[in-house]
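Novice: Quick one, fold the following:
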Amino acid sequence: FLAQNITAWNWGAPSNSEFGSAISAYRVDTAIGAPLENAVYIVTLGEDSGEWGFHSKLVPDDSANVQGFGSQVAMYNDFLLITCISPAAVYVFFRDDGWSQMDRIL
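Specialist: Okay, here's the model as predicted:
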């Protein structure tokens, strides 16, 4: 494996976003929380290149009303669970030609 620094500014996250405070990986995909930005970044390990690349930035559908989205993340297969501090909730995302919000559990 090649060592590669993954930093907030690689994909446009502000340096004060707490980027990397929550991380979950499954196969070649990794979800990286940035709760002060209310976002989760999905990065993918290139199978041929061995380098990490930006895939998408996830925010909740009701992003104007949340705080701490991305404080915890859990990825398995095509599902991603993301916690939010306020309101206390778990957001469910599903991957099918890209990630989309499926549900919010209060």
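
Novice: pLDDT weak spots in this structure?
Specialist: Within the chain, the stretches with pLDDT under 70 are 1-12.

Novice: Which element, helix or strand, includes the residue nearest to the spatial centre of it?
Specialist: The residue lying closest to the centre of the chain (C-alpha atoms, centre = their mean) is V40, at 2.7 Å. Assigned by DSSP states H and E, V40 belongs to strand 39-45.

Novice: got the contact list for that strand?
Specialist: When contacts are defined by C-beta atoms under 8 Å, 6 or more residues apart in numbering, strand 39-45 is touched by residues 6, 11, 13, 17, 19, 28-34, 51-59, 69-70, 73, 80, 82, 99. Placement of C-beta: from N, CA and C, glycine included.

Novice: what does stretch 69-88 give?
Specialist: Contacts of stretch 69-88 (C-beta under 8 Å, 6+ apart): 21-26, 29-35, 37-40, 58-60, 63, 65-68, 89-96, 99, 106.

Novice: Got a PyMOL select line for the buried ones in those?
Specialist: In PyMOL, this line selects whichever of the contacts of stretch 69-88 come out buried by 16 or more other C-beta atoms under 10 Å:
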select buried, resi 21+22+23+24+29+30+31+32+33+34+35+37+38+39+40+58+59+60+66+68+89+91+93+95+99
